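**Q** Next come a sequence and a model predicted from it.
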Amino acid sequence: MNEILRMSAADLVSAIGRGEVSAREALDAHLERIDEVNPAINAVVTVDPERARDAADTADRLTASGAKTPPLHGLPMTHKDTHAVAGMRSTNGSRIFADHVPEEDDLVVARLRAAGVVATGKSNVPEFGAGSHTFNEVFGTTTNPYDPTLSAGGSSGGVAAAIAVGIQPLGEGSDVGGSLRIPASFCGVVGFRPSYGVIPSPTPVDDQAWLGRTGPMAREVSDIALFMSAVSGPSDRVVPAAPLTGDDFSEPIVGDLRGVRIGWSPDLGLGVPVEPEVLDVLTRRLRVFEEAGAIVEEAAPDLTDADEVFLTTRALNFATAFGPLIREYRDLIKPEVVWNVESGLALRTSQIIDATLARTRLAAAVRDFYSRYDLFVSPAAQVLPFDARSRYPSSINGMETAGYLDWMRSAWVLSATGLPILAVPAGFTGTGLPVGFQMAAGHYRDVELLRYAKAFEDRTRCVDQRPDIRSGEGQEVRPVTTVAAE
């Protein structure tokens with residue numbers, strides 16, 4: 001592998017700024033790596049090399065001028081295909097938008113460009129980002145760099161796989177019910193779901209939607225902080241402004257777990273089923289927290305109300321966002337999305353009231369937990385990467401899953417709390433598959449959360465183990481089987 005591709009985002013940006021590596025050299029290494037490994041994993045689905053070369057050349061001229069360079073100066077990056085990039089095909093993984101070319105960037109893309117990113121293409125997603133397995137009828141299935149017959153997770157599966165395999169060190173994703181955390185766990189990278197509004201995520205239909213978050217993925221926690229320093233901050237479309245800005249993430253992240261009170265739960269206090277191999281890796285890694293000076297006890301917030309909050313809010317959001325599309329293009333949209341929309345349209349007023357009351361109780365339970373603990377740690381995913389030909393796991397530990405959301409419950413019950421959550425690599429199974437923790441800190445304790453994760457990362461260095469994949473090594477993945485949603 002080209003040594004440029006082994007560099008962290010922070011190191012690469014620094015090297016470009018000092019003139020030791022040109023933005024054009026970084027871009028060429030990035031594009032060559034796509035050509036080398038993407039046929040095996042199908043992580044990158046659109047590439048725009050000519051405009052990227054123009055942007056890289058512009059970055060190199062800025063370097064040569066001696067002017068101050070932006071925080072992500074010259075960094076090549078593909079963008080998640082649910083995020084609009086002006087002048088670049090942006091499909092949402094949907095046949096409806098297979099040829100869609102937006103005129104404006106989404107806010108996060110605009111901020112990344114302003115921070116110096118060289119936009120190179122798009123990474124694959126499930127249709128409309130629904131589900132945590134990345135496949136669609138436009139581009140097919142994205143597979144796992146550690147075993148290309150298995151799932152990379154989703155919905156940020158394309159960017160997770162691209163980062164794991166060295167195509168790029170840093171990228172942006174999004175997370176409603178685990179779409180940053182599950183692919184991070186499956187691919188052995190870091191995925192961060194920040195507190196509400198820290199990275200504003202306004203949408204054309206609901207600027208105040210709170211459940212979904214935009215956030216970064218990277219190989220290292222320090223690069224997560226770099227991303228946050230570059231794109232965090234208020235937007236006049238999302239009010240009130242979050243109490244954190246990019247400046248809060250600008251200081252070097254120094255890992256520290258001394259005296260940190262940690263609640264750990266293998267089942268989130270809800271009896272959530274988790275595969276034994278996942279728990280085996282995680283329980284063995286708990287001693288890392290204790291060796292770093294933390295106090296670890298088995299404890300969890302009372303998440304009893306989280307199911308109702310998440311499922312009702314998600315259904316309402318889907319009906320708001322995609323209801324008109326279902327009416328016009330129902331036959332072109334996958335059944336899971338149709339089911340979500342119809343669930344939202346069928347909601348009664350009493351259900352929305354009940355979910356509001358449940359969210360209030362859940363918030364009180366979260367406050368109570370964080371009056372006693374600094375950090376909650378649990379499995380980022382309930383299962384190991386599964387057969388990429390499946391739509392979703394049909395069972396966990398012999399328990400049948402009720403539908404395509406059921407196997408993601410370990411992630412989405414925490415989404416319902418609104419807390420900042422980070423998935424960090426914890427280790428590998430005996431067969432070499434990655435496993436990750438998810439760590440949740442109190443509201444707007446995002447910087448402290450990164451410090452806790454950095455301390456864990458410094459002691460485990462899972463980042464040093466990379467997938468060994470070359471073009472042609474992946475086995476052909478047949479089209480995913482059709483399973484009717486509930």
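**A** Sure thing, it's come through.
**Q** Note down every partner strand of the helix or strand of the chain with the lowest mean pLDDT and its orientation.
**A** Between all helices and strands in the chain, the lowest mean by mean pLDDT, DSSP states H and E belongs to strand 399-400, at a mean of 94. As defined by DSSP bridges, the strand partners of strand 399-400 come to strand 395-396 (antiparallel).
**Q** ranges for the strands of the stretch 301-450 of the chain?
**A** 375-379, 395-396, 399-400, 421-428, 434-441 (DSSP state E, counting those that start in this stretch).
**Q** of all these, which lies closest to residue 9?
**A** In terms of Cβ to Cβ, the element of those nearest to residue 9 is strand 421-428, at 16.5 Å. Quick note: C-beta positions are derived from backbone N, CA and C, even for glycine.
**Q** packing partners for that closest one?
**A** Contacts defined by 3 or more Cβ pairs under 8 Å, 6 or more residues apart in numbering; DSSP states H and E place strand 421-428 against helix 181-187, strand 190-193, helix 221-231, helix 276-291, strand 434-441, helix 446-460.
**Q** just how off-centre is the first one within its chain?
**A** What it means is helix 181-187. Helix 181-187 sits 8 Å away from the centroid of its parent chain (Cα atoms, centre = their mean, to the nearest Å).
**Q** Could you do the second one as well?
**A** Taking the mean of its C-alpha atoms, strand 190-193 sits 5 Å from the chain's own mean (Cα atoms, centre = their mean).
**Q** residue contacts, residue 30?
**A** Residues near residue 30 by Cβ atoms under 8 Å, 6 or more residues apart in numbering: 5, 76, 120, 167-168.
**Q** Could you list the low-pLDDT ranges of the stretch 201-350 of the chain?
**A** Nowhere does the stretch 201-350 of the chain drop to pLDDT under 70.
**Q** Mind listing residues that contact the least confident helix or strand of the chain?
**A** Outside strand 399-400, the residues that touch it by Cβ under 8 Å, 6+ apart are 273, 394.
**Q** Using a markdown table, please lay out the helices and strands packed on strand 421-428 together with mean neighbour count.
**A** Output for those, formatted as a markdown table (neighbours: other Cβ atoms under 10 Å):
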| stretch | mean neighbour count |
| --- | --- |
| helix 181-187 | 35 |
| strand 190-193 | 31 |
| helix 221-231 | 26 |
| helix 276-291 | 16 |
| strand 434-441 | 26 |
| helix 446-460 | 21 |
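**Q** closest one to residue 408 among those?
**A** The closest of the helices and strands packed on strand 421-428 to residue 408 is helix 181-187. By Cβ to Cβ, the value is 6.4 Å.
**Q** elements contacting the closest one?
**A** helix 157-164, strand 190-193, strand 421-428, strand 434-441.
**Q** Dump those to JSON lines, plus distance to residue 135.
**A** As requested, the helices and strands packed on helix 181-187 are exported to JSON lines (distance: least, Cβ to Cβ, whole Å):
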{"stretch": "helix 157-164", "distance to residue 135": "9"}
{"stretch": "strand 190-193", "distance to residue 135": "19"}
{"stretch": "strand 421-428", "distance to residue 135": "21"}
{"stretch": "strand 434-441", "distance to residue 135": "20"}
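**Q** Mind putting the ones you listed into CSV with distance to residue 415 and mean pLDDT?
**A** Putting the helices and strands packed on helix 181-187 into CSV (distance: least, Cβ to Cβ, whole Å; pLDDT from 0 to 100) gives the following:
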stretch, distance to residue 415, mean pLDDT
helix 157-164, 17, 98
strand 190-193, 8, 98
strand 421-428, 8, 98
strand 434-441, 10, 98
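**Q** Give me the nearest residue to residue 267, chain neighbours excluded.
**A** Leaving out its chain neighbours, the residue that sits closest to residue 267 by Cβ to Cβ, 6 or more residues apart in numbering is residue 274, at 6.5 Å.
**Q** ok, that neighbour - how many residues close by?
**A** 19 (other Cβ atoms under 10 Å).
**Q** Can you give me the distance of it to residue 312?
**A** Distance from residue 274 to residue 312, counting by Cβ to Cβ, to the nearest Å: 25 Å.
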